[in-house]
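Participant: Fold the following, please.
(chains A and B)
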Amino acid sequence: MGAVPQIDRSSPDMQHAVNGVLTATVLDGGKIFLRRAIKNALSPEAYEVNWLVLELRGVRVYIDGDRLVMSVQDLNP
Amino acid sequence: MAASVQIVEKNGAGGTNTDKTAGTIRFKNADDATVDTVNPMVKPGAGSDWSFEKWLRFKVASGAYTEITNVKAYTDGANGWTGVLLWWKAVTAFATPVEGTASAGYTNAFTYTSGAPLTLGAGPFTSTGEKGDHLVALMEVQSTAVGGILASETLTFVWDEI
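Facilitator: Sure, this is the predicted structure:
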């Protein structure tokens, strides 16, 4: 199972998150959350995917390790 | 520390939980969580053989988190079986699994994909325990099916967490 990124919400105006590869920061009232998934569920090949999602004014940045995707779409692992 | 999540199969009148996250569910003509060849689905000469319902649910087993939202499930969109169909529906309240008789009220599971998943609960959910709706799955074996134990299909459960 993959490591779960950590989010720091100590400041209401600025949120940080780390995923072991990079540190992400959102300002200006944006938000950070985890989009987590169990892939191949109900099988011995089950594994977790843990994305960091940064959202600001409807635009999202999906971060999986060192890969980033920016979109207004609601993407799933 | 994030939520530690399981996907459980529920059986019997009391909905006894069995953790199937990295296990297997076997569609059969009985209500149990055992993966064996007892009470198998039978390829019919005509019509369809219906499985007992499989009641699955998202469960937070442990861990610390603030809230969980948007619990959903989906397939890869490709039914790899011949003459075998898989039906899904979301149900709030548990009921003792029974043998299916028709697909009315269900939707073809393979229409639920990453771009159009089955919603199992918007939340927000907090604390541990079972969360959201049950995913009730039903298998239909048609006369065109190939006999024997079929290759597995898998699914994805996805949720948002802070």
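Participant: give me every residue that touches residue B:83.
Facilitator: B:43, B:141-146 (C-beta atoms under 8 Å, 6 or more residues apart in numbering or on different chains). Where C-beta positions appear, they are placed from N, C-alpha and C, glycine not excepted.
Participant: Just want the phi and psi numbers for it.
Facilitator: The phi/psi pair for residue B:83 (degrees, to the nearest 10) reads phi 70, psi 20.
Participant: same question, residue B:108
Facilitator: Per degrees, to the nearest 10, the backbone of residue B:108 is at phi -50, psi 120.
Participant: In this structure residue B:16 contacts residue B:10, no?
Facilitator: Yes. Between residue B:16 and residue B:10 there is a contact at 6.7 Å, judged by C-beta atoms under 8 Å.
Participant: Between those two, which is the more surrounded one?
Facilitator: Neighbour comparison, residue B:16 and residue B:10: the larger count goes to residue B:10, with 24 against 12 (by other C-beta atoms under 10 Å in any protein chain shown).
Participant: Pull out the buried residues from stretch B:61-76.
Facilitator: B:65, B:68, B:70-76 (16 or more other C-beta atoms under 10 Å in any protein chain shown).
Participant: Now residue 22. Nearest residue, chain neighbours left out?
Facilitator: No chain in the question, so chain A it is. Leaving out its chain neighbours, the residue that sits closest to residue A:22 by C-beta to C-beta, 6 or more residues apart in numbering or on different chains is residue A:66, at 6.6 Å.
Participant: that's the wrong chain, I meant chain B
Facilitator: If you skip the residues right next to it in sequence, residue B:22 has residue A:46 as its closest partner in space, 4.0 Å away by C-beta to C-beta, 6+ apart.
Participant: Determine the set of other helices and strands touching the helix or strand hosting residue A:63.
Facilitator: Per DSSP states H and E: residue A:63 is located in strand A:59-64. Judged by 3 or more C-beta pairs under 8 Å, 6 or more residues apart in numbering or on different chains; DSSP states H and E, strand A:59-64 is in contact with strand A:47-56, strand A:67-71.
Participant: Contacts made by it with the rest, please.
Facilitator: Residues contacting strand A:59-64 (C-beta under 8 Å, 6+ apart): A:5, A:19, A:22, A:24, A:35, A:49, A:51-55, A:68-73, A:75, A:77.
Participant: now do stretch B:112-127
Facilitator: Against stretch B:112-127 from outside (C-beta under 8 Å, 6+ apart): A:75-77, B:58, B:60, B:65-77, B:88, B:90, B:107, B:131-135, B:156, B:158.
Participant: so how far is the lengthiest strand in chain B off the chain centroid?
Facilitator: Ranked by number of residues, the top strand in chain B under DSSP state E is strand B:129-142. Relative to its chain's centre, strand B:129-142 lies at 4 Å (C-alpha atoms, centre = their mean, to the nearest Å).
Participant: before we move on, back to that, run a quick neighbour tally on the residue nearest to residue B:22.
Facilitator: 20.
Participant: In contact with it, which residues?
Facilitator: Residue A:46 makes contacts with A:38-40, B:21-22, B:154, as judged by C-beta under 8 Å, 6+ apart.
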